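Student: Pasting the sequence and the predicted coordinates here, then a few questions.
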2 protein chains.
Amino acid sequence: MTNDTQPVPPQGPLNGITVIDLTRVLAGPYCTMVLSDLGARVIKVERPRIGDDARHIGPFVKGKSAYFMSLNRGKESIALDLKTEGDKEIFLKLLENADVLVENYRPGTMEKLGLGWDVLHQRFPKLIYAAASGFGHSGPYSKRPAYDMVVQGMGGIMSLTGHEGAPPTRVGTSVGDITAGLFTTIGISSALYHRSMTGEAQKIDVAMLDCQVALLENAIARYFASGEIPGPLGARHPSITPFQAYQAADGHLIIAAGNDTLFKRLSEEIGRPELGQDPRFTTNQDRCDHVHEMTEELEAALAAKSVADWLAQFEAAGIPCGPINNVEQVLNDPHVLSRNMVVEAEDPITGTLKMAGNPIKLSSFDDPPTRGPVPDLDAHRAPILNSLKQEP
Amino acid sequence: MTNDTQPVPPQGPLNGITVIDLTRVLAGPYCTMVLSDLGARVIKVERPRIGDDARHIGPFVKGKSAYFMSLNRGKESIALDLKTEGDKEIFLKLLENADVLVENYRPGTMEKLGLGWDVLHQRFPKLIYAAASGFGHSGPYSKRPAYDMVVQGMGGIMSLTGHEGAPPTRVGTSVGDITAGLFTTIGISSALYHRSMTGEAQKIDVAMLDCQVALLENAIARYFASGEIPGPLGARHPSITPFQAYQAADGHLIIAAGNDTLFKRLSEEIGRPELGQDPRFTTNQDRCDHVHEMTEELEAALAAKSVADWLAQFEAAGIPCGPINNVEQVLNDPHVLSRNMVVEAEDPITGTLKMAGNPIKLSSFDDPPTRGPVPDLDAHRAPILNSLKQEP
């Protein structure tokens, strides 16, 4: 084992909180990563030998999963087989000193292990129990397996993403998992507040599919208001115009000049002030009704200059706009770097790893540019068992 | 005014918390909607006459914005002009009895009003102050205007979404705003916990662009691991195969059979058991390396039956799969309905409105199928002023 000293959680509002983390892959580990960034101590309880499945998902750096590493920095790891009595005893001892248990098993798994909410709540009345699952702990699909792709498809976001007539398009990152991780985190931190006021702990049940519904926002309003089924939107906003990606001389840029004042200013900046007076484009509703003409008129003018030239000009004029950055450009953007959104963790084998930082900036706490190391499987067994005052 | 009685917040972990809400449009109102669903009282402070800009964004039902309604149900509204001394006094009185202030102005706006964090923290040391903005309260782009489209473009998610060689593709819902709303909510609930333990309040600074970086997850790992810039992914997962949308006889379905066992089972179910033995497809890495052959082989077999037939068969076999639902199908799905993810609010003019429910299900609290009414602008002026023991 290479990194067996207990990492010190960053200073944060959740200092003093201990999270026992049974989660695997993405939704759950993302939640406990945020909790760790906010100062909680996170003890990852993994299956012996195999560990979190994400340890076996690429990309790999010197044999280690960079995918796993980016989600689990700063956590501790202990390997326990919850199907054996000895390890289960250790697990229960861990819970005795813990504030939060998080799991993302398929519903019913914890009950089979004799570790369901009812049992644990009776034994540990102060323990907050959070479950993130594909379909939640109730309802007809509850026991079905789910992954990000499945809930992106079932939850409607794929029907809104992509271009009319083109093949289906997935959102390019795992928003099915990540939003479930975020809602679970909100549930946990709210439950911690509630416990601090009342002494009462509770169970939090978050379903990835439910979170997809919560993400649909104006598509739901549009459907109930009009009865029409919203379709894929390409690269534009459904009810604000101009608010989309436009082609310039050497590529695309985003322009978000959604109100009348900004649109008039845009018309002037592109040398087409008459567009601001055009009855087709007077109000946002007019512009939405003539969105294709709007795109044609704007792109005819935008073809005259490069993306960089237009962005410089529009920024000076206060028109909301931006480039379409690739991941390399994002990670080298001076603003992104100045916000400490690329942090580092040290690993004895892979060397320094870079990963996304914490977007919650707090006035009472520093936002450190480093995170604790990524735990090898079972790396913290000895100190964790010691802290339980057991023989290792 | 049609709905001037104060709505009673739902029972929840944030009962007793009062949020003063200066936010407009989406990111901030989404945050305070979640806080309201968790039991906080939310008082929306809006500009006189105009109110929240979202009141003027379609779709409209009987002249009212369904977009605004879906985000602001259950909140109270008072119109105040913070540039006049009288209204500013009322605002400061509101803060005196509040726990949280949320705003999503461009950085600097609150300071210009004499209401920046430094001033407010000195006067109201227990007040938590949350700011959600495009680029955050520090860094070179801080003062720039931003909207969802702008940060989706700048933050990299658009470079991962869509099909190779096709025009740029926006994520079909406003993940730029919504994820900022969720991270702000996490910041607030964690700060409430921290305040309950230490008495200390703090400022929370969340930037939409930062949240986009936090969403990139494995794209960052892939970039740093390989130096290659990740491109658009169509409808598949970047490092798990088979994990994408596949064409069947009458449409597409999602199959997420990402491990070897599931892939072998899938091969059998589609009548092609030899695929499970094919050296091109033995491990996940093999399948990723031969993703196009994999797609061809699977789609050749899947062409034999309809989406519905395959889904029924795969579900029975325990293979993670799902349809690509449109918004109408999602909102009528029996599981989604059983999870109370479509809730209702009553409005005297538009009648019953349907909107997304709260995905955080808590064992200590009911999850009511209704929400308080949507406030007309300034609808709660009298009761709010009364509660300050002022003459209205």
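Tutor: All right, it came through fine. Since the structure is predicted, the reported quantities are computational estimates derived from the model, not experimental observations.
Student: Is A:H137 in a helix, a strand, or coil?
Tutor: For A:H137, the secondary structure call by DSSP: H, G, I helix; E, B strand; the rest coil comes out as coil.
Student: list the buried ones in stretch A:294-302?
Tutor: Within stretch A:294-302, the residues scored as buried using 16 or more other Cβ atoms under 10 Å in any protein chain shown are A:M294, A:T295, A:E297, A:L298, A:A301, A:L302. Heads up, the C-betas are built off the backbone N, CA and C, glycines and all.
Student: which residues touch that stretch?
Tutor: Residues from elsewhere that reach stretch A:294-302 (Cβ atoms under 8 Å, 6 or more residues apart in numbering or on different chains): A:241-242, A:244, A:246-249, A:253, A:255, A:266, A:270-272, A:275, A:280-281, A:287, A:310.
Student: Selection in PyMOL covering whichever of the residues you listed are buried, please.
Tutor: A single PyMOL command is used to select the members of these judged buried by 16+ other Cβ under 10 Å:
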select buried, chain A and resi 241+242+244+246+247+248+253+255+266+270+275+281+287+310
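Student: can you list the residues of the stretch 1-150 of chain A near chain B?
Tutor: A:12-14, A:16, A:26, A:30, A:34, A:38, A:53, A:56-61, A:66-67, A:69-71, A:117, A:135-141, A:144-150 (Cβ under 8 Å from any Cβ of the partner chain).
Student: Any quick PyMOL command for the buried ones out of those?
Tutor: Here is the PyMOL command that selects the buried residues among the residues of the stretch 1-150 of chain A next to chain B (16+ other Cβ under 10 Å):
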select buried, chain A and resi 12+13+14+26+30+34+38+53+56+57+58+59+60+61+66+67+69+70+71+117+135+136+137+139+141+144+145+146+147+148+149+150
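Student: Among the residues of the stretch 1-150 of chain A next to chain B, which are located in helices?
Tutor: A:Y30, A:V34, A:A66, A:Y67, A:M69, A:S70, A:L71, A:W117, A:D148, A:M149, A:V150 (DSSP state H).
Student: which residue ranges form the helices in the stretch 151-300 of chain A?
Tutor: Ranges of helices in the stretch 151-300 of chain A, per DSSP state H, counting those that start in this stretch, are A:157-160, A:175-198, A:208-215, A:218-226, A:260-269, A:284-289, A:291-302.
Student: What would the longest one look like as CSV? C-alpha coordinates only.
Tutor: Same thing as helix A:175-198. Presented in CSV, the C-alpha positions along helix A:175-198 are these (Å, rounded to 0.1, in the frame of the first residue of the first chain):
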residue,chain,number,x,y,z
VAL,A,175,-25.7,14.1,-16.3
GLY,A,176,-27.9,11.2,-15.3
ASP,A,177,-25.4,10.2,-12.7
ILE,A,178,-24.1,13.6,-11.8
THR,A,179,-27.4,15.3,-11.2
ALA,A,180,-28.5,12.4,-9.0
GLY,A,181,-25.2,12.9,-7.1
LEU,A,182,-26.0,16.6,-6.6
PHE,A,183,-29.6,16.1,-5.4
THR,A,184,-28.3,13.4,-3.0
THR,A,185,-25.8,15.8,-1.7
ILE,A,186,-28.5,18.5,-1.2
GLY,A,187,-30.6,15.9,0.6
ILE,A,188,-27.7,14.9,2.9
SER,A,189,-26.6,18.5,3.8
SER,A,190,-30.3,19.5,4.5
ALA,A,191,-30.7,16.4,6.6
LEU,A,192,-27.6,17.3,8.5
TYR,A,193,-29.0,20.7,9.2
HIS,A,194,-32.3,19.2,10.3
ARG,A,195,-30.5,16.8,12.6
SER,A,196,-28.6,19.6,14.2
MET,A,197,-31.9,21.4,15.0
THR,A,198,-34.0,18.4,16.0
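Student: for it, packing partners?
Tutor: Applying 3 or more Cβ pairs under 8 Å, 6 or more residues apart in numbering or on different chains; DSSP states H and E, we find helix A:175-198 packed against helix A:27-37, strand A:100-103, strand A:128-133, helix A:148-154, strand A:203-207, helix A:208-215, helix B:175-198, strand B:360-362.
Student: Let me see the mean pLDDT of it.
Tutor: Per-region confidence: helix A:175-198 scores 98 on mean pLDDT.
Student: ok so, going back, for A:P373, find the nearest of the helices of the stretch 151-300 of chain A.
Tutor: Between A:P373 and the helices of the stretch 151-300 of chain A, the shortest separation by Cβ to Cβ is 21.6 Å, and it involves helix A:175-198.
Student: Same question for that closest one: list its buried residues.
Tutor: Counting neighbours by 16+ other Cβ under 10 Å, one finds that the buried residues in helix A:175-198 are A:175-195.
Student: rewinding a little: distance to A:H335 added to the helices of the stretch 151-300 of chain A, as JSON lines?
Tutor: Formatted as JSON lines, the helices of the stretch 151-300 of chain A follow (distance: least, Cβ to Cβ, whole Å):
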{"stretch": "helix A:157-160", "distance to A:H335": "28"}
{"stretch": "helix A:175-198", "distance to A:H335": "22"}
{"stretch": "helix A:208-215", "distance to A:H335": "26"}
{"stretch": "helix A:218-226", "distance to A:H335": "28"}
{"stretch": "helix A:260-269", "distance to A:H335": "22"}
{"stretch": "helix A:284-289", "distance to A:H335": "29"}
{"stretch": "helix A:291-302", "distance to A:H335": "24"}
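Student: circling back to that earlier point, okay, the helices and strands packed on helix A:175-198 in CSV with distance to B:P348 next?
Tutor: Converted to CSV, the helices and strands packed on helix A:175-198 look like this (distance: least, Cβ to Cβ, whole Å):
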stretch, distance to B:P348
helix A:27-37, 40
strand A:100-103, 43
strand A:128-133, 39
helix A:148-154, 35
strand A:203-207, 33
helix A:208-215, 26
helix B:175-198, 28
strand B:360-362, 29
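Student: Out of these, flag the one nearest A:V343.
Tutor: helix A:27-37 (9.1 Å).
Student: just for the stretch 201-350 of chain A, where's the confidence low?
Tutor: The stretch 201-350 of chain A contains no residues with pLDDT under 70.
Student: and if we set it to 90?
Tutor: Scanning the stretch 201-350 of chain A for pLDDT under 90 picks out A:217-218, A:233, A:235-240, A:258-259, A:285, A:348.
Student: Tell me the one of the buried residues of stretch A:294-302 nearest chain B?
Tutor: Set against chain B, the nearest of these by Cβ to the nearest Cβ is A:T295 (11.0 Å).
Student: how near is that closest one to A:K264?
Tutor: Using Cβ to Cβ, to the nearest Å, A:T295 is found at 18 Å from A:K264.
Student: do the same with A:K64
Tutor: Distance from A:K64 to A:K264, by Cβ to Cβ: 55 Å.
Student: now do A:L120
Tutor: 61 Å.
Student: follow-up on the earlier one: for A:L22, find the nearest of the helices of the stretch 151-300 of chain A.
Tutor: Proximity to A:L22 (Cβ to Cβ) singles out helix A:175-198 among the helices of the stretch 151-300 of chain A, at 12.8 Å.
Student: looking at chain A, which residue lies furthest from center?
Tutor: No residue in chain A sits farther from the centre than A:E274, which is 43.3 Å out by Cα atoms, centre = their mean.
Student: Quick check: it touching A:S267?
Tutor: Yes. Counting by Cβ atoms under 8 Å, A:S267 is a contact partner of A:E274 at 7.4 Å.
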